[in-house]
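# based on what follows, work out the 3D shape:
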Amino acid sequence: MNREIKEVVKLLAEIDKICKREGIPYYLGPQLTLCCVTGQEITSPHAGVVYMRTADMERFRLAVEKETPDGRIVESMNNNKHFYGFFLRYTDLDTLCFRLNEGRNYKYPGMGVDILPLRGKTAFQTCSFVDKSPGSGME
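The predicted model follows:
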C-alpha cells in the first residue's frame with residue numbers, strides 16, 4: 001500500500017470514528033466495498049468515496065466543525081464559494097493532491113475522501129406512468 005492510499009485509509013478510519021460517535025449511518029463506495037469483500041488491495045487514492053443521506057451529511061459537517069481533528073477540514077459549498085458540487089470533502093490539510101481538472105474548485109487541495117449524497121427512491125419510481133396521466137388516452 002503506497003503513501004497516498006494509507007492516507008485515504010486513515011481518513012476513512014476517522015470518518016468511521018466520527019460516524020460511530022454521532023450515530024450517523026454511512027456506506028462505502030462501490031470500489032471500496034469490492035476491495036473489502038474480496039480482500040483485494042485498494043489501488044487508487046480516488047477510491048475514497050462514502051455515501052450518506054443528506055441530513056446525515058449535515059450532521060457530519062456540524063460534528064466535524066464542533067470538534068475538528070488537527071489538520072482536517074470538511075470542505076463544501078458552505079465554506080467555499082467555488083466548491084462545485086452538492087457533496088462534502090473530508091480533507092487532510094498536511095498533504096497535497098492536485099487534480100489538474102478540479103484544482104481550482106478546492107480551497108484545500110489535500111488528500112480527501114468525498115462524501116456523496118445517498119439517493120433514495122422518488123415518488124415517480126413507485127407509480128406507473130399510466131397512473132400519473134389519467135384520461136390521456138394511454139392504456
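# distance between the host helix or strand of Ile115 and the chain's centre?
Using DSSP states H and E, Ile115 sits within strand 112-117. Distance of strand 112-117 from its chain centroid, counting by Cα atoms, centre = their mean, to the nearest Å, is 2 Å.
# so how far is stretch 58-70 from its chain's centroid?
On Cα atoms, centre = their mean, the centre of stretch 58-70 falls 14 Å from the chain's centre.
# just to revisit the earlier point, keeping just the C-alphas, turn the strand holding Ile115 into CSV.
Listed next in CSV are the C-alpha coordinates belonging to strand 112-117 (Å, rounded to 0.1, in the frame of the first residue of the first chain):
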residue,chain,number,x,y,z
GLY,A,112,-9.5,13.8,0.7
VAL,A,113,-12.5,11.5,0.9
ASP,A,114,-15.6,12.5,-1.0
ILE,A,115,-18.9,12.2,1.0
LEU,A,116,-21.7,11.9,-1.6
PRO,A,117,-25.5,12.1,-1.0
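# now do the contacts for the most centrally placed residue in the chain.
Closest residue to the average C-alpha location of the chain: Ile115 at 1.1 Å, with Cα atoms, centre = their mean. In this structure, Ile115 makes contact with Ile15, Tyr26, Val50, Tyr51, Met52, Met57, Phe60, Phe87, Leu88, Arg89, Tyr90, judged by Cβ atoms under 8 Å, 6 or more residues apart in numbering. (C-beta placed from N, C-alpha, C; glycine too.)
# thanks a lot, catch you later.
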